[in-house]
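> sequence first, predicted coordinates after that:
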Amino acid sequence: MAFPNTSVITIERFIIEQERSYPEATGELSNLLYDIALGAKIIASAVRRAGLINILGSAGVVNVQGEEQQQLDVFANDALKNSMSHTGRVCVMASEEDEELIPIEEEVPHGKYAVLFDPLDGSSNIDNNNPVGTIFSIYRRQSMEGHGTLNDVLQPGRHQVAAGYVMYGSSVMLVYTTGQGVHGFTLDPTIGEFVLSHRDIRTPETGKYYSVNESYFGRWSRGMQRAVRGFHGDFPDRITGKNSRYIGALVADFHRNLVAGGIYLYPGEVSKPEGKLRLCYEASPLAFIAEQAGGAATNGLTRILDITPERLHQRTPLVIGCKADVAFVTAMLNEATA
Ligand code: AFP
């Protein structure tokens, strides 16, 4: 009989080993990452059972983005809050599903980290059994003590100390960076642990896929239209044509492109230049991961990690993926306005 491998590297072991290279580390960030991993396991089990126990469907409330919330969104939001709120490691949280900051209760010690998350991204995929994801972003607090403030969460993305995502797909994967490369873990359901499956993920210089919702083509600027035509193969002297892949769940599209090579775009429209995605909950954390893997992320022209958010739910256009492909989009946008 073949027994499972007993020397697997769990996420816990990996984080502890990474922490050893920082003698001054207190272990608080490591513990915060386990807290999030626990929240992710709880969400994963609910996502897996969603079809079975009939908790699918709208919760009947509309979130701050004006979108109808699914019940699983509410559950995922609560699971993450509950996995972090009592630990004393966090001073404040912010969620894509909550209009205001999420304070930490008075009687709980207030820690040194501010955490932002999109608990269930791509939730319109739930009803069709397609992948969904969680995205998180961690900053060191700016305020000195007590309750965290808006200044703690409205920091430019380059100040992140960690960021990651969880993809609930054919398997559940947690991918994160603390600024020492990007590492991926797959949930082994038989032991209930995330085990190291993708060490030091590097994305190619240029990719074979492009991911964008082309039904909006007519609403984009001329420069953006030309960039996407480049991906069709219309300018072979500038860029090789790519294959189109679009799931409509950012985490799933981003993950494929990160590992296999590609670019994801969610452009602004001429009449809605800020686009759809959220800077703090989606663009900044994934930009940190993309850069750590050797890729790039811009709003078309400006590096995402250099943008200081002014509002919690601020939106931004997003161009993210392989470096040469992201640079091509910037060049096409600049040429169109020259
Ligand atoms: P939902 O959470 O409303 O499904 O939105 C998902 C998302 O924020 C992101 O995950 C997708 O890449 C993008 O929006 C899809 O948006 P379109 O349906 O406009 O292409």
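That came through fine.
> tell me where this structure is predicted with low confidence.
When residues are selected by pLDDT under 70, those of the chain lie in 1-6, 51-70.
> which parts of it sit against the ligand?
E67, D121, G122, S123, S124, N213, G248, A249, L250, D253, K276, L277 (CB under 6 Å from any ligand atom). C-betas here are computed from N, CA, C, even on glycine.
> what's the neighbour count on D98?
16 (other CB atoms under 10 Å).
> wait, isn't it in contact with N77?
Yes. In this structure, D98 is within contact of N77 by CB atoms under 8 Å, at 7.2 Å.
> who's the residue nearest the centre of the chain bridged to?
Geometric centre of the chain, nearest residue: I135, 3.6 Å, by CA atoms, centre = their mean. I135 forms beta bridges with D118, Y165, as assigned by DSSP bridges.
> residue contacts, it?
Residues in contact with I135 (CB atoms under 8 Å, 6 or more residues apart in numbering) are F117, D118, D121, A163, G164, Y165, L250, V251, Y281, E282, P285, L286.
> and the closest residue in space to H232 that isn't next to it in sequence, how far from G207?
Of all residues not flanking H232 in the chain, G241 sits nearest, at 5.9 Å (CB to CB, 6 or more residues apart in numbering). Using CB to CB, to the nearest Å, G241 is found at 12 Å from G207.
> those two: which is more packed in?
The residue with more neighbours, out of G241 and G207, is G207; 27 against 15, by other CB under 10 Å.
> where exactly do the strands run in the stretch 151-300 of the chain?
160-168, 172-177, 182-188, 193-198, 209-211, 243-244, 262-266, 296-298 (DSSP state E, counting those that start in this stretch).
> quick one: these as TSV, columns for mean neighbour count too.
As requested, the strands of the stretch 151-300 of the chain are exported to TSV (neighbours: other CB atoms under 10 Å):
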stretch	mean neighbour count
strand 160-168	26
strand 172-177	24
strand 182-188	22
strand 193-198	18
strand 209-211	25
strand 243-244	13
strand 262-266	27
strand 296-298	24
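> now those strands as CSV including distance to Y22?
Shown next, in CSV, are the strands of the stretch 151-300 of the chain (distance: least, CB to CB, whole Å):
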stretch, distance to Y22
strand 160-168, 11
strand 172-177, 14
strand 182-188, 16
strand 193-198, 19
strand 209-211, 35
strand 243-244, 41
strand 262-266, 32
strand 296-298, 26
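> hmm, back to that, among the residues of the chain next to the ligand, which are in helices?
Mapping the residues of the chain next to the ligand onto helices (DSSP state H) picks out L250, D253.
> among the residues of the chain next to the ligand, which ones are buried?
Using 16 or more other CB atoms under 10 Å as the burial test, these include D121, G122, S123, A249, L250, D253, K276, L277 as buried.
> related to what we said a few turns ago, what's the farthest-apart pair in the residues of the chain next to the ligand?
Across the residues of the chain next to the ligand, no pair lies farther apart than E67 and D253, at 18.5 Å, counting by CB to CB.
> distance of the residue nearest to the centre of the chain from G275?
Look at I135 and G275: by CB to CB, they are 16 Å apart.
> try D121
From D121 over to G275 (counting by CB to CB), the distance is 15 Å.
> closest to V92 among the residues of the chain next to the ligand?
Out of the residues of the chain next to the ligand, the member with the shortest distance to V92 (by CB to CB) is D121, at 21.0 Å.
> the longest helix belonging to the chain to strand 160-168, inter-axis angle?
If each helix of the chain is counted by residues according to DSSP H, the longest one is helix 28-49. Helix 28-49 and strand 160-168 are oriented at 20 degrees to each other (axes from the mean of the first three to the mean of the last three CA atoms, to 10 degrees).
> ok, the closest residue to R229 other than its chain neighbours to G321 distance?
Distance criterion CB to CB, 6+ apart; nearest residue to R229, sequence neighbours excluded, is F235 at 7.1 Å. The gap separating F235 from G321 is 18 Å, by CB to CB.
> same check, this time on D35
D35 sits 30 Å away from G321, going by CB to CB.
> comparing those two, which residue is more hemmed in?
Using other CB under 10 Å, the more surrounded residue of D35 and G321 is G321, with 31 against 20.
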